[in-house]
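Participant: Okay, here's the prediction I keep looking at, along with the sequence it came from:
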Amino acid sequence: MSVPNRRSPRHRKTPTDDTSATEETGDTPDPEEQPGPMPGARVHAGRGRCVHEARSQAAGSGTVGRQESVDQHLVYVICPFTDDFEPVFAAIRTAARAVHLRAERVSDVPGDGRITDQMLGMIRRAGVIVADLTHERPNVYFELGYARGLDKRIITISRSGTKIHFNVRDWPYIEYFDSRPLEKDLRTKLRHAIQAT
């Protein structure tokens, strides 16, 4: 004769009770088995949920909560690494020097560290960011989004004819045909950027 499969009262939950029915059995949960917040997080309770809020501003750096000082003279340049961008980078570097700043790309940094860590570190340290959206490179959009999230001062540029995607289209940007007029426009923008500090 088969016995009907019944759940024991200790596993039964009622619709009005958020806790397991430990009152019926007298069992108490082991505190060491209870999930807790992840290290370096704050817990916000609300409607029976825990929201873990990571405090680290150094996302992707491998170091939790690392604070880096900002170099107000550093202009970090986000652009494709192709030969046709050398005149553009030269214009950015010349414009930066004219207002006593220095322009650098991640490729200018010596060493054999992870390129992503170096890139994000330079964004955090830079006083100003110049991002060229020409060729619609995903890494450029990624770095630009990271810089926006850190509330950096950003100058966006793009070669004439570049498609500017929806999520950055409403931000101001400089459209250029040639690197010589670009240098002049950037000198003015960089001067305003350092005066805003």
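Facilitator: Thanks, I have the structure now.
Participant: tell me how far the ends of stretch 160-167 are from each other?
Facilitator: 19 Å (CA to CA, to the nearest Å).
Participant: tell me the mean pLDDT for that stretch?
Facilitator: On average, the pLDDT along stretch 160-167 is 84.
Participant: Quick check: buried residues in that stretch?
Facilitator: Thr162 (16 or more other CB atoms under 10 Å). C-betas here are computed from N, CA, C, even on glycine.
Participant: Over to stretch 146-155?
Facilitator: Tyr146, Ala147, Leu150, Lys152, Arg153, Ile154, Ile155.
Participant: other SSEs contacting the helix or strand harbouring Gly145?
Facilitator: Using DSSP states H and E, the element containing Gly145 is helix 138-149. In this structure, helix 138-149 packs against strand 71-78, helix 115-125, strand 126-132, strand 153-159, with contacts taken as 3 or more CB pairs under 8 Å, 6 or more residues apart in numbering; DSSP states H and E.
Participant: Now the longest one: average pLDDT?
Facilitator: For helix 115-125, the mean per-residue pLDDT is 94.
Participant: per-residue confidence at Gly111?
Facilitator: 76.
Participant: Just to be sure, Phe85 is in a strand?
Facilitator: No. Read with DSSP: H, G, I helix; E, B strand; the rest coil, Phe85 is helix and lies in no strand.
Participant: ok, it - how many residues close by?
Facilitator: Phe85 has 19 neighbouring residues, counting by other CB atoms under 10 Å.
Participant: again, but for Asp83
Facilitator: 7.
Participant: So which helix or strand of this structure has the lowest pLDDT on average?
Facilitator: Within the chain, confidence by mean pLDDT, DSSP states H and E is lowest for strand 49-54 among all helices and strands, at a mean of 30.
Participant: how near is Val70 to Ala91?
Facilitator: In this view, Val70 and Ala91 are 24 Å apart by CB to CB, to the nearest Å.
Participant: neighbour-wise, which of the two wins?
Facilitator: Ala91 (23 against 13).
Participant: what's the helix or strand for that one?
Facilitator: helix 86-98.
Participant: Name the next helix or strand downstream of that helix, please.
Facilitator: Counting by DSSP H and E, what follows helix 86-98 is strand 102-104.
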